[in-house]
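**Q** any chance you can model this:
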Amino acid sequence: MKRTYFLLAACLLLSGVLFAVATNWFGRAPEYVAAAGTRYTVSVLPVDPLEVRVTSGDADTVTMAAVMPSMGHALPPVDTVQAEPGHFVAAEEVFVMGGEWELSITVSRTGGQEVITVSTVVDR
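**A** Residues are numbered from 1 along each chain as shown. Model prediction:
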């Protein structure tokens, strides 16, 4: 009987260790972060290359600038390439390190622009 409990405890411990290793090793899948302004709604996939989907409103161009408040990092704006209508992909790397970032997304169309700010955590 003691042997059965010992084997059960060992199996549970091994399962817990394997689960912890797998979740840390593979990480979690990146998720879109959504935000809305007055004219546009965007969804951002915070991985490199960073993707922005304009889900409400028509946009001609999208640029973005990343700030890491905790470290005092402010990066220059990054242009995007329009992959398809409403889907923009960063032309270069946006996030230089993991951590909490604020991303200012400038969505433009003839006649005006709007800046939408999104906060996200980047895993590296």
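**Q** the residue lying closest to Y32 once chain neighbours are set aside: how many residues sit nearby?
**A** Distances taken as CB to CB, 6 or more residues apart in numbering place S43 nearest to Y32, at 4.3 Å, with adjacent residues excluded. Just so you know, the C-beta spots here come from the backbone N, C-alpha and C atoms, and that holds for glycine as well. Neighbour count of S43, defined by other CB atoms under 10 Å: 18.
**Q** with just CA atoms, put the strand or helix carrying S43 into CSV.
**A** If you go by DSSP states H and E, S43 is part of strand 41-45. The C-alpha trace of strand 41-45 is given here as CSV (Å, rounded to 0.1, in the frame of the first residue of the first chain):
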residue,chain,number,x,y,z
THR,A,41,-10.2,50.4,-33.9
VAL,A,42,-7.0,48.4,-34.0
SER,A,43,-5.8,44.9,-33.0
VAL,A,44,-2.1,44.5,-32.4
LEU,A,45,-0.1,41.2,-32.4
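**Q** relative to the helix or strand following that strand, what are the paired strands and their orientations?
**A** Counting by DSSP H and E, the next helix or strand C-terminal to strand 41-45 is strand 51-56. Strand 51-56 has the following sheet partners, assigned by DSSP bridges: strand 41-45 (antiparallel), strand 87-90 (antiparallel).
**Q** next, the buried residues of strand 51-56.
**A** Across strand 51-56, burial judged by 16 or more other CB atoms under 10 Å covers E51, V52, R53, V54.
**Q** what pLDDT does the residue most central in space within the chain get?
**A** Geometric centre of the chain, nearest residue: P46, 2.0 Å, by CA atoms, centre = their mean. Listed pLDDT for P46 reads 90.
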